[in-house]
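Peer 1: mind looking at a prediction? Sequence and model below.
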Amino acid sequence: MARRERVVRMSVEQPLWRALTAYRVITMLYAVLLSVFGREKYDRPWVAVAFLVVMVVWTLVTLPKVSGAAACTKRFLGADLTVALAGILLTPLADFEAQQVDGPTLSSIWTAGAVLAYAIKGGWRWAAFASTFVAVANIIERGHPSRDTFHNVLLVWVASIAIGYVVEVARASERTLARALEIEAATRERERLARDIHDSVLQVLAMVQRRGTAIGGEAAELGRMAGEQEVALRTLVSSGLVPATRVSEDAAEGAVVRSVEVDDEPSGRADDLRSLLAPHAGSRVSFAEPGAPVLLAPAAARELAAAVSAALDNVRVHAGENAQAWILVEDWPDEVIVTVRDDGPGIPEGRLAQAEGEGRMGVALSIRGRLRDLGGTAELISVPGQGTEVELKVPKVSRGKAGSAR
C-alpha cells in the first residue's frame with residue numbers, strides 16, 4: 001500500500017484572532033451608535049463625524065490584518081494604536097463638556113481592540129506597553145480624572161496584561177505539545193522499523209545460527225558470526241538507536257503538529273482476513289474460520305496477519321518442532337478476534353521481561369506494537385506446562401494509523 005504523510009498545522013491563537021475581528025466590528029458599530037444617539041451634546045459635530053468615518057474605514061480595511069499573527073505587523077499595530085489614541089484625545093474638541101462629565105470617548109470601547117491586538121501578537125509585555133499609552137491618553141482627555149477614570153484605566157491595563165499572559169502560556173503549551181507529538185511520531189517510526197527488522201533480518205540471522213550449529217564445520221563458524229550479528233542488532237533495536245524519519249519543522253515553530261497518514265488505496269476497499277491467514281494452515285497448524293468473509297481495511301488486515309505470523313514464529317522457535325498450534329478467527333459486529341494457541345511448554349514467569357531486556361522484542365513489537373497501532377489489544381496467557389494463548393483484538397473501525405474499512 002502506498003502512503004503519503006501530510007502535516008496539519010493548528011494554533012490555539014486562531015480563535016483569539018477571530019474573536020478580535022468580531023470585537024472590532026461590533027465595537028465600531030457601538031461607537032457609531034453612541035455618537036448618533038448623543039449627537040446633541042457635540043459642540044463640533046464635524047470633528048466626531050470626521051473621526052468616526054476614519055475609524056469605520058480603518059476598521060473595515062484592516063480586517064485582514066487581524067486575521068492572524070503573520071498579517072498583524074508592528075507597523076499596523078502602531079497605526080492602529082494611533083487611531084485609537086486620536087479618538088480619545090479628539091473627544092474634548094468635539095464635546096467641550098467631556099472633561100467635566102465622565103462619558104464615552106469618540107472611540108469608546110473600540111480602543112480596547114487595539115490593545116488586545118498587542119496582547120495577542122506579543123504577549124503581556126506588549127499589552128502593558130499599549131495599555132499604558134491608552135491610560136495616559138484617557139488621563140489627558142479628562143483633564144481632572146475622577147475615580148471612575150482611574151478605575152476604567154486600571155481595568156483595561158490589567159485585563160490586557162492578563163490576556164497577553166494567557167497567550168504566552170498557550171504558546172508555551174503549543175511548543176510542549178508539538179515536541180511531545182514529535183517524540184511520539186519518532187518513537188512509532190522506530191518501533192515500525194524495529195518490527196520490520198525483527199520479522200526479517202533477525203529471524204534470518206537466528207535461523208542461520210541454528211542451522212550452522214546443527215551442520216557443523218565451516219557452517220558452524222558462519223552460524224557463530226550470524227549469532228554475534230544478531231546480538232549486536234538486537235542491542236541496537238532495544239537501545240532505541242534505530243533511525244526514525246524526521247518530523248516536520250513546523251513543530252519547532254510553536255505549532256501543534258498532527259501527523260496524518262493518507263491511504264492511497266481506493267476508499268471502501270476491504271480485505272478478507274481469512275485469505276491472509278489460510279496459508280498458515282498445515283499439519284502442525286489448525287485453522288478455524290467463520291463461514292463468511294472477515295472484512296477489514298487492507299492495512300489493518302495485513303498488520304493483524306503479520307502479528308499472527310509472529311505468534312506462530314514464536315511457537316516454532318520456543319514450543320518445539322512437534323508443537324501443535326491452533327488459529328481461531330471470530331468475527332464480531334464491532335471487532336475481530338484472532339486467537340493463536342499452542343500445546344508447548346508455556347512461558348516461564350518473567351521470561352518476557354527478560355527477553356525484552358536482552359533485545360528480543362518479538363512479543364513487544366511484532367505483536368503488541370502492531371495491535372496498539374491498530375487501536376486493538378494483544379493479550380498473552382501462558383501457564384508453564386499447559387501451552388500459550390495469544391488473543392488479538394482489532395476494532396472494525398480502526399483508531400490506529402492503519403485505517404479502517406468503510
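Peer 2: On my side now, so go ahead.
Peer 1: make it CA atoms for all contacts and neighbour counts henceforth
Peer 2: Fine.
Peer 1: the stretch 51-200 of the chain: helices as residue ranges?
Peer 2: 74-89, 91-94, 111-122, 124-142, 147-197 (DSSP state H, counting those that start in this stretch).
Peer 1: ok, E379 - contacts?
Peer 2: Residues in contact with E379 (C-alpha atoms under 8 Å, 6 or more residues apart in numbering) are 390-392.
Peer 1: so what pLDDT did it get?
Peer 2: If you check E379, the pLDDT there is 88.
Peer 1: just the ones of the contacts of E379 in strands?
Peer 2: Using DSSP state E, the subset of the contacts of E379 located in strands is 390-392.
Peer 1: surely P384 forms part of a helix?
Peer 2: No. Going by DSSP: H, G, I helix; E, B strand; the rest coil, the assignment for P384 is coil, not a helix.
Peer 1: that one reaches G346, doesn't it?
Peer 2: Yes. Using C-alpha atoms under 8 Å, P384 makes contact with G346 at a distance of 4.5 Å.
Peer 1: these two: which has the busier surroundings?
Peer 2: A side-by-side neighbour count of P384 and G346, using other C-alpha atoms under 10 Å, places G346 first with 19 against 12.
Peer 1: quick one: contacts for that one?
Peer 2: Contacts for G346 (C-alpha under 8 Å, 6+ apart) come out as 319, 382-388.
Peer 1: wasn't it part of a strand?
Peer 2: No. Counting by three-state DSSP, one finds G346 to be coil, located in no strand.
Peer 1: ok, now how distant is it from Q324?
Peer 2: According to C-alpha to C-alpha, to the nearest Å, G346 and Q324 sit 12 Å apart.
Peer 1: shared neighbours of those two, anything?
Peer 2: If you check G346 and Q324 against C-alpha under 8 Å, 6+ apart, no residue is contacted by both.
Peer 1: what pLDDT does A251 get?
Peer 2: 37.
Peer 1: kindly report the same for P104.
Peer 2: With respect to pLDDT, P104 scores 82.
Peer 1: kindly report the same for L328.
Peer 2: At L328, the pLDDT value in this model is 92.
Peer 1: do the same with V260
Peer 2: V260 carries a pLDDT value of 40.
Peer 1: equivalent analysis for A353, please.
Peer 2: In this prediction, A353 carries a pLDDT score of 54.
Peer 1: so the residue located most distally from the centre of the chain, which of the three states?
Peer 2: In the chain, the residue that sits farthest from the middle, by C-alpha atoms, centre = their mean, is D43; the gap is 58.4 Å. Of the three states, D43 takes coil under three-state DSSP.
Peer 1: counting neighbours, what do you get for A172?
Peer 2: A172 has 14 neighbours, counted by other C-alpha under 10 Å.
Peer 1: for P15, see how far away it is.
Peer 2: 17 Å.
Peer 1: what are the buried residues along stretch 330-342?
Peer 2: For stretch 330-342, the neighbour count (16 or more other C-alpha atoms under 10 Å) marks 331, 336-342 as buried.
Peer 1: just the CA trace of that stretch, in CSV.
Peer 2: Included here for stretch 330-342 are C-alpha records, laid out as CSV according to Å, rounded to 0.1, in the frame of the first residue of the first chain:
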residue,chain,number,x,y,z
GLU,A,330,-14.0,-14.7,15.4
ASP,A,331,-15.9,-12.0,13.5
TRP,A,332,-18.0,-9.9,15.9
PRO,A,333,-20.1,-6.8,14.9
ASP,A,334,-17.6,-4.3,16.3
GLU,A,335,-14.3,-6.2,16.4
VAL,A,336,-12.3,-9.2,15.0
ILE,A,337,-10.7,-11.6,17.4
VAL,A,338,-7.9,-13.9,16.4
THR,A,339,-6.6,-16.5,18.9
VAL,A,340,-3.3,-18.4,18.5
ARG,A,341,-2.9,-21.3,20.9
ASP,A,342,-0.2,-24.0,21.2
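Peer 1: list of residues touching that stretch?
Peer 2: For stretch 330-342, contacts defined as C-alpha under 8 Å, 6+ apart pick out 289-290, 294, 308, 311-312, 315, 319, 323-329, 387-397.
Peer 1: next one: that stretch to chain centre, how far?
Peer 2: Computed by C-alpha atoms, centre = their mean, to the nearest Å, the chain-centroid distance of stretch 330-342 equals 31 Å.
Peer 1: can you check stretch 164-182 too?
Peer 2: How far stretch 164-182 lies from its chain's middle: 12 Å, per C-alpha atoms, centre = their mean.
Peer 1: quick one: mean pLDDT for it?
Peer 2: Rounded to a whole number, the mean pLDDT of stretch 164-182 is 83.
Peer 1: now do the contacts for the residue lying closest to A128 once chain neighbours are set aside.
Peer 2: Take A128 and drop its neighbours on the chain: the residue closest to it by C-alpha to C-alpha, 6 or more residues apart in numbering is I161, 5.8 Å away. Neighbouring residues of I161 by C-alpha under 8 Å, 6+ apart: 119, 123-125, 127-128.
Peer 1: and with 7 Å instead?
Peer 2: Applying C-alpha atoms under 7 Å, 6 or more residues apart in numbering to I161 gives the contacts 119, 124, 127-128.
Peer 1: that one and A135: what is the separation?
Peer 2: I161 is 13 Å from A135, by C-alpha to C-alpha.
Peer 1: if we can go back for a sec, let's see which of the contacts of stretch 330-342 end up in helices.
Peer 2: Here DSSP state H is the test, and the contacts of stretch 330-342 give 308, 311-312, 315 as lying in helices.
Peer 1: that'll do, ta.
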